[in-house]
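**Student:** Here's a sequence, model it:
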Amino acid sequence: MKLWLARIAVRIERLLGRASDARQAGAIVPYVGYATPAHFVVRGRVLAHMQDVGMRAAQSRWRNLRQMIGLFLTAEVPEVTISAGDVTGRTDEEGYFTLLLPRDDRTGWIKVDVTAADVTVACPVLVPGPDAAFGVISDIDDTMMHTGAYSLWRNIWTSLTGNAATRVVFPDAVELMTVLSDGGRNPVHFVSSSPWNFYGFLTVVFARNGLPRGPVFLRDYGISETQFITGTHGDHKGSAIDVIMAALPDLPFILIGDTGQHDAEVYLAAAKRHPGRVQQVILRAPGRGADAKDLAFVSQIEALGVPVHVGRDYRAVLGS
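**Tutor:** Residues are numbered from 1 along each chain as shown. Next up is the predicted model:
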């Protein structure tokens, strides 16, 4: 059944793709970029027009549903030339782009002007300074904000019927990330299996609730001939952790997640791949809490010499 759905979806995508050939670049969605020892990594997506993520708390769930579904109806512009100074590239079939600019000695928040056709947008890039003590990599769903991701149908209901004004970000999560960020000294990164279509929505939610700003690594829900949604949650999160740690080779990391989506297992694998790089693991335990399998992975992480906190909230970590 899944293979049949994948093949039907691919055919629909190809039919829609023919219409996209005539699209012109009308908007560039800038994603927060990051720095490696050699490059500024500039990221974003080119669309025919910008999507509206403005929502009001009093909107009906039906209107929320229509707007959230609308986030997936993107008019992406594939194979268009993009440039930043002397560096050029092309968008992929979904309109995404990544440009690698030679790194200079600037640190902090820098802006890189990116141009596609007649559109120019400043793309932000976060470059940690030499005083950074560690980096932070955090999950989003049920770690930073309530979604019920540990329950498939609850997650779908929450995701599609809420809006940017009603989504609940845990106050203790904001406090924890604020403390760990230390005024921006320590870089924070967010990793989630949510689709890139939610990027603008999540940016609004984070800003409204005071979460520190940082690079976000979401998932491309690509469709292939052999599977309906490519990749897995664990593969995506593990790959993102590898990318972030490779970009900041001199920093240890604190990994934050929850027990509802196999984060303990993913973080154990990351700690094994990067010996000595994981400084601490912090796990929220939503729903029924950590089960025996989660606790077994926690024990294995601790056996590597990495302290782990598991709790309903972050108060013990914050000392409150």
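
**Student:** Please list all residues in contact with I241.
**Tutor:** Residues near I241 by Cβ atoms under 8 Å, 6 or more residues apart in numbering: I137, V191, L255, V266, A270, H274. All C-beta spots, glycine's among them, are computed from the backbone N, C-alpha and C.

**Student:** The second one belongs to a helix?
**Tutor:** No - V191 is assigned strand when assessed by DSSP: H, G, I helix; E, B strand; the rest coil, not a helix.

**Student:** so what's it up against?
**Tutor:** Contacts of V191 by Cβ under 8 Å, 6+ apart are I137, S138, D139, I140, V216, F217, H236, K237, A240, I241, I244.

**Student:** pLDDT and distance to Q280 for the contacts of I241 - can I get that in CSV?
**Tutor:** Converted to CSV, the contacts of I241 look like this (pLDDT from 0 to 100; distance: Cβ to Cβ, whole Å):
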residue, pLDDT, distance to Q280
I137, 98, 11
V191, 96, 16
L255, 98, 7
V266, 97, 15
A270, 98, 13
H274, 98, 14
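
**Student:** Save those residues as JSON lines, and put in distance to A122 and secondary structure too.
**Tutor:** Shown next, in JSON lines, are those (distance: Cβ to Cβ, whole Å; DSSP: H, G, I helix; E, B strand; the rest coil):
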{"residue": "I137", "distance to A122": "25", "secondary structure": "strand"}
{"residue": "V191", "distance to A122": "24", "secondary structure": "strand"}
{"residue": "L255", "distance to A122": "31", "secondary structure": "strand"}
{"residue": "V266", "distance to A122": "34", "secondary structure": "helix"}
{"residue": "A270", "distance to A122": "33", "secondary structure": "helix"}
{"residue": "H274", "distance to A122": "33", "secondary structure": "coil"}
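
**Student:** Taking the residues you listed together, which two end up most distant?
**Tutor:** With Cβ to Cβ as the measure, no two of the contacts of I241 lie farther apart than V191 and H274, at 14.7 Å.

**Student:** quick one on the thing from earlier: which one of the contacts of V191 is nearest A116?
**Tutor:** Nearest to A116 among these, with distances taken as Cβ to Cβ, is V216, at 20.9 Å.

**Student:** Please tell me I have it right and the closest one contacts P30.
**Tutor:** No - counting by Cβ atoms under 8 Å, V216 does not reach P30; the two are 11.6 Å apart.

**Student:** More neighbours: those two, which one.
**Tutor:** Taking other Cβ atoms under 10 Å, V216 and P30 do not tie; V216 has more neighbours (22 against 19).

**Student:** That one: what's it in contact with?
**Tutor:** Here V216 is in contact with Y31, V32, H189, F190, V191, S192, Y199, L202, T203 (Cβ under 8 Å, 6+ apart).

**Student:** Can you say which of the residues you listed are buried?
**Tutor:** Buried members of the contacts of V216, scored by 16 or more other Cβ atoms under 10 Å, are Y31, V32, H189, F190, V191, S192, Y199, L202, T203.

**Student:** Would you confirm that the third one contacts I244?
**Tutor:** Yes - using Cβ under 8 Å as the test, H189 is close enough to I244 to be in contact (5.3 Å).

**Student:** can you give me the helices for this structure?
**Tutor:** Secondary structure of the chain (DSSP state H): helices at 2-20, 61-70, 152-161, 171-181, 199-209, 233-247, 263-273, 292-303, 315-318.

**Student:** ranking those by mean pLDDT, which is last?
**Tutor:** Mean pLDDT per stretch puts helix 2-20 lowest among the helices of the chain, at a mean of 45.

**Student:** Any stretches of the stretch 51-200 of the chain with poor pLDDT?
**Tutor:** 51-74, 148-167 (pLDDT under 70).

**Student:** Which stretches in it count as strands?
**Tutor:** 81-84, 87-90, 96-102, 108-116, 119-127, 135-138, 188-195 (DSSP state E, counting those that start in this stretch).

**Student:** Just name the most buried of these.
**Tutor:** Ranked by mean neighbour count, the strands of the stretch 51-200 of the chain are led by strand 135-138 with a mean of 24 (mean count of other Cβ atoms under 10 Å).

**Student:** So what touches it?
**Tutor:** Residues contacting strand 135-138 (Cβ under 8 Å, 6+ apart): 128, 144, 177, 180-181, 186-191, 214, 240-241, 244-245, 248, 251-257.

**Student:** Only the buried subset of those residues, as a ChimeraX command please.
**Tutor:** Of the contacts of strand 135-138, the buried ones can be selected in ChimeraX as follows, counting by 16+ other Cβ under 10 Å:
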select :128,144,177,180,181,186,187,188,189,190,191,214,240,241,244,245,248,251,253,254,255,256,257
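
**Student:** and A35, what are its bridge partners?
**Tutor:** When assigned by DSSP bridges, A35 has beta-bridge partners F40.

**Student:** How many residues are close by it?
**Tutor:** By other Cβ under 10 Å, neighbour count at A35 equals 21.
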